[in-house]
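J.: Fold the stuff below for me.
(chains A and B)
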Amino acid sequence: MIIDYVGVKEINGSLIVIDGVKGASFDEIVEIRLDNGTRRQGRVVQMEGDRIVVQVFEGTRGLSLENTRTRLTGHPMEISLSPEIIGRVFDGVGRPLDGLGEIFPEKTADVNGTPINPVSRVYPQNYINTGISTIDTLMTLIRGQKLPIFSGSGMSHNELAVQIVRQAKIADEAGQGFCIVFAAMGVKNDVADYFRKSFEESGVLQRVVMFLNLSNDPIIERTLTPRCALTAAEYLAFDLNMHVLVIMTDITSYAEALREFSSSKGEIPGRKGYPGYLYSDLASLYERAGMVKGSTGSVTQIPILTMPNDDITHPIPDLTGYITEGQIVLDRALQGQGLYPPVSVLPSLSRLMKDGIGEGFTRADHPALQNQLFASVAKVNDARSLASVIGEEELSPTDKKYMQFGKLFEAHFVNQGFSTNRTIEESLDLGWKLLGTLPRAELDRVDDAVLEKYYKETSPEDFDIK
Amino acid sequence: MANQNVIYGVNGPVVTVKNARDFSMMEMVYVGEQRLVGEIIGVTDKATTVQVYEETSGLKPGDPIVGTGAPMNVTLGPGIIDNIFDGIERPLSEIEKKSGAFISRGASVPSLDPDKKWSVTMKVKVGDKLSGGQIYATLPETPIIEHRLLVPPLVGECEVTSVMPDGEYTLNDTVATLRDEKGEEIKLTLCQKWPIRTPRPVKNRLSASVPLITGQRVIDTLFPIAKGGTAAIPGGFGTGKTMTQHQLAKWCDADIIIYVGCGERGNEMSQVLQEFSELIDPKSNRPMTDRTVLIANTSNMPVAAREASIYTGVTLAEYYRDMGYNCAIMADSTSRWAEALREISGRLEEMPAEEGFPAYLPSRLSEFYERACIADTLCGARGSVTMIGAVSPQGGDMSEPVTQNTKRFIRCFWALDKDLAYSRHYPAINWLSSYSEYFSDLDPWFAENAGEDFIKYRRRISALLQEESSLMEIVKLIGSDVLPDDQKLVIEICRIIRVGFLQQNAFHADDTYVPLEKQKQMMKTILYLNKRAKHLVNAGIPISRILETGLFDKLTKMKYDIPNSKPEMFEDYRNEIREKLEAIAHG
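T.: All right, here's what the predicted structure looks like:
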């Protein structure tokens, strides 16, 4: 028996309150029909006896206390899945946008997913060659990792993400079984368009599943967009054994949508007005990356977030950094100098790289080299801050060497260009070549045996001026 | 049951029940048709509040809630070691067998394997007097851990009335019976239950006197922790909290390690699982897993179970302490636990204190850390529980409530530093802002076991580092060139201390664990160079000539060049220092 509940008791922002409901369950999806025939979807977010609070995805505009009929669907938010979703475009809650009709479901899945049993996880150890020197050498991306890009408004994070997609050797040698899930949350239409065009140009559009919630789409749908995308990704990876790269942009918009929703529910705010459960909520997205036993597929995530006011201690990048396995931080000063990609090396990190590089993965000298490069770049910063006080002329000869090393490092190693694709050997050799401009005694993080093999003194003239 | 209790409202992990009178505070309950595990956290005249340890979607008003009549408890018995549990002691590998790679809800599996046979040796005979906490039988749990079965601690003076012969028994077999003073019979099996929020009793607590040796130089020499002590490792993301915890779990000289992954990453837990099963414990030549218990409640697992997970961990640790073992519990991270408290408190609409954390945060933290102790146990042995909690301060800001409140209840503070981590100096423990309050407790031990000079060298090293830090203030302003040579020497020596001593490479076969003797010899050699070089500088020989000898670089790398097994090589180093510097002195 299907019951329609006529009217609502209260409307507050995107929330409606309905009295006298029987048999509703927590998190269930409801369908709301207006008198003028339009339909909306909502989700039960709170229950007290026979009173339920429903969050309306499309917003409550046009709703009055009397003009609605609400019907319970009896199941939580689900999306239809089949191998046909590859190459399709959906809106933020999984409805087709490309006019190619509904998906004929092979299965439906709850978008909230269920946590992966830690025992069933396979520890990710296969590195993904992105062809970008800074990432491959210093913050290696591993298959099954979640490695966000911390950026700011106006920086080239989108280009970087596209370059990774274009160059990354994610799949096994055959290049089969690889696809991309793209979730846009509150981004401008131009940005979504840029991604679509770039995917087309690099010939991967047929392998992309897109979920688009643009900046003028309802914010409540935005809170579901990444969940739909990740449910699709899990299906492709663990049911169909594909290697899936998930790009989610922009996490900041997502968190703001969550804050808006939380405050309309009257919840007690935590830091900067974000709900106290922001950490758990973000974790429920990021932790859906990984690999599991019994499947050869993988879910690798590259979430993109724009740090408000470039502040890395803002709750969104802060909590993200605590959940993800490292981060790639972009720097406005580097971008200002016209360098691309403007990866700020020191705060960037990949937690999984230590077991995915070196002998048998990349090259035996990789761990030592990356350790030394980080240490040397840190010294460059010390020298620079000293130079800003006493002037470059007054620096000691060693510090001058570091200043020079810093310049060369940025000009050649960091600044690689949008279309250059370097192999891991090229990147590592370039690293050694740069370290060659420093005195050998300064390389204190490397064993003598490794130095013997790779250290060769070089001078700035050895680097061609670009 | 006359009137069944049913759900009235649902809000995230918090469920309310109306007009229920038969629940008690902290009682464990089953919620809904799927029998999700929950705990009573609020009782008023009108409504009872339940926190549910699993995802609540799909719960309906009108679904049943059934009480268990007992508080949230864990099963204690053989089979705990080498196992991996979720936050409420459900074995994750059993759940995997039942529901596959993804955790389904309402999984009801026994905590410990009920069918496994253990070979039990009885330690009592009929007519013996026994009381709570005493040993009645033993069995080999892993090749290195003998499991001692203890009479439940709250049992009074009893007489043994029957004893089964030695042999193979399963978890719930009765192996002995007791009769207490009132004449009531008590059956002893291989397991017992204990509520997780109640500390297990001991005979008497002792003051700290023995260090927990970790093989990590910066900790053992500069900031040692006692067995039965407490430490916090605060640090922003990427500063190496988890890495440090892993190093301690691998190398510290506790008998049993309880590693609680509280609201952290799933891939990290799989890393621990993989690494620990491959790593061989140098003391026992057995895999690390033979002495390790993992509690994994990753960040995407239900938040209420995250809150319970550290209590579960410490209860397991106390159980083994009572048998006379030294246990160490690593909680990574206590901030996630505090956030779970905040999240639940928010759902209960309690009045928030600082930054939305509940006002009872400090009291909960102190309750937790006070469960660390070294003590004479009820069975007459000596055991300890050492607690090491990671703290993840928001935005790396140590003035936030969790760090500040934790500081009040711990005695070792290993502050991780972002700048050190950025330059890949690990462990990134800042030697200026960290502290240990255990020096006075532990110095007698160090004097006896490592020599008086160990303490002397440590003080000298600390003093040099302090001196360097004030010199660095000047260097930052005007550069190091203007410093007089004796101050330059301090900076160069401290460079050796920082890079060659404090920094430690966890991936280097020798450097990952360094015995106390080598630590002492390293300090001695560095200080020897300092002393000899200082003589030369005072005699007016320019420091550049001393640096040219290459001795400084050589000492920086001695951690790699001298194997742990050959401490005698340090004597050669010191001879070389003497010869080279004498050569300079004589022209």
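J.: Now do the same contact list for the closest residue to B:Ile478 other than its chain neighbours.
T.: Once flanking residues are discounted, B:Ile478 sits nearest to A:Ile390: 5.9 Å by Cβ to Cβ, 6 or more residues apart in numbering or on different chains. All C-beta atoms are positioned from the backbone trio N, CA, C, and that covers glycine. Contact analysis of A:Ile390 by Cβ atoms under 8 Å, 6 or more residues apart in numbering or on different chains lists B:Leu477, B:Ile478, B:Gly479.
J.: Separate out the buried members of those residues.
T.: B:Gly479 (16 or more other Cβ atoms under 10 Å in any protein chain shown).
J.: Among the contacts of A:Ile390, name the ones in strands.
T.: With strands defined by DSSP state E, no entry of the contacts of A:Ile390 lies inside them.
J.: pLDDT for the contacts of A:Ile390 - can I get that in TSV?
T.: Shown next, in TSV, are these (pLDDT from 0 to 100):
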residue	pLDDT
B:Leu477	82
B:Ile478	80
B:Gly479	78
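J.: Rebuild the contacts of A:Ile390 as TSV, extending it with distance to A:Ile268.
T.: Listed next are those as TSV, based on distance: Cβ to Cβ, whole Å:
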residue	distance to A:Ile268
B:Leu477	47
B:Ile478	51
B:Gly479	52
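J.: Among the contacts of A:Ile390, which one lies nearest to B:Glu576?
T.: Closest to B:Glu576 out of the contacts of A:Ile390 is B:Gly479 (31.5 Å), distances taken as Cβ to Cβ.
J.: quick one on the thing from earlier: now, among the contacts of A:Ile390, which is nearest to B:Thr403?
T.: Nearest to B:Thr403 among the contacts of A:Ile390: B:Leu477, at 30.6 Å, using Cβ to Cβ.
J.: The closest one contacts A:Val389, doesn't it?
T.: Yes. Using Cβ atoms under 8 Å, B:Leu477 makes contact with A:Val389 at a distance of 6.0 Å.
J.: Inside helices: which ones of the contacts of A:Ile390?
T.: When DSSP state H defines the helices, the subset of those inside them is B:Leu477, B:Ile478.
J.: tell me, how many neighbours does residue 134 end up with?
T.: Reading this off chain A. Other residues lying near A:Thr134 total 22 when counted by other Cβ atoms under 10 Å in any protein chain shown.
J.: let's do chain B instead
T.: So B:Gln134, with other Cβ under 10 Å, has 22 neighbours.
J.: which residues of the chain score low on pLDDT?
T.: All of this refers to chain A. Applying pLDDT under 70 to chain A flags the ranges A:1, A:171-176, A:464-466.
J.: try again with chain B
T.: If you take pLDDT under 70 as the line, chain B has these spans: B:1-3.
J.: Pull the contacting residues for the closest residue to B:Tyr169 other than its chain neighbours.
T.: Using Cβ to Cβ, 6+ apart and skipping the chain neighbours, the partner closest in space to B:Tyr169 is B:Val120 (5.0 Å). By Cβ under 8 Å, 6+ apart, the contact list for B:Val120 reads B:Ala137, B:Thr138, B:Leu139, B:Leu149, B:Asp166, B:Gly167, B:Glu168, B:Tyr169, B:Val175, B:Leu190.
J.: Tell me which strands the helix or strand hosting B:Val120 pairs with, and in which orientation.
T.: B:Val120 is located in strand B:118-122, with elements delineated by DSSP states H and E. Taking DSSP bridges as the criterion, strand B:118-122 forms sheet pairs with strand B:135-142 (antiparallel), strand B:167-169 (antiparallel).
J.: what does the longest one contact?
T.: This points to strand B:135-142. If you take Cβ under 8 Å, 6+ apart as the criterion, strand B:135-142 is touched by B:78-82, B:118-124, B:130, B:146-151, B:160, B:175-176, B:188, B:190, B:286, B:290-291, B:323, B:379.
J.: Which ChimeraX command selects the buried ones in the residues you listed?
T.: To isolate the buried members of those in ChimeraX, using 16+ other Cβ under 10 Å:
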select /B:78,79,80,81,82,118,120,122,123,124,130,147,148,149,150,151,160,175,176,188,190,290,291,323,379
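J.: which parts of the longest helix seen in chain A are buried?
T.: Of all the segments of type helix in chain A, defined by DSSP H, the longest one is helix A:366-390. Buried residues in helix A:366-390, counted by 16+ other Cβ under 10 Å: A:366-383, A:386-387, A:390.
J.: Would you enumerate the residues in contact with the spatially most central residue of chain B?
T.: The centroid of chain B falls nearest to B:Met330 when counting by Cα atoms, centre = their mean (2.1 Å). Contacts for B:Met330 (Cβ under 8 Å, 6+ apart) come out as B:Gln245, B:Leu248, B:Ala249, B:Ile257, B:Ile258, B:Tyr259, B:Val260, B:Ile388, B:Gly389, B:Ala390.
J.: downstream neighbour of the strand ranked longest in chain B in the secondary structure list?
T.: In chain B, with assignment by DSSP E, the single longest strand is strand B:382-391. The element immediately downstream of strand B:382-391 (helix or strand, assigned by DSSP H and E) is helix B:401-409.
J.: B:Leu279 against B:Arg286, yeah?
T.: No. Taking contacts as Cβ under 8 Å, B:Leu279 lies outside contact range of B:Arg286: 10.1 Å.
J.: How much space separates the residue nearest to B:Tyr169 from A:Arg40?
T.: Taking Cβ to Cβ, to the nearest Å as the measure, B:Val120 falls 65 Å from A:Arg40.
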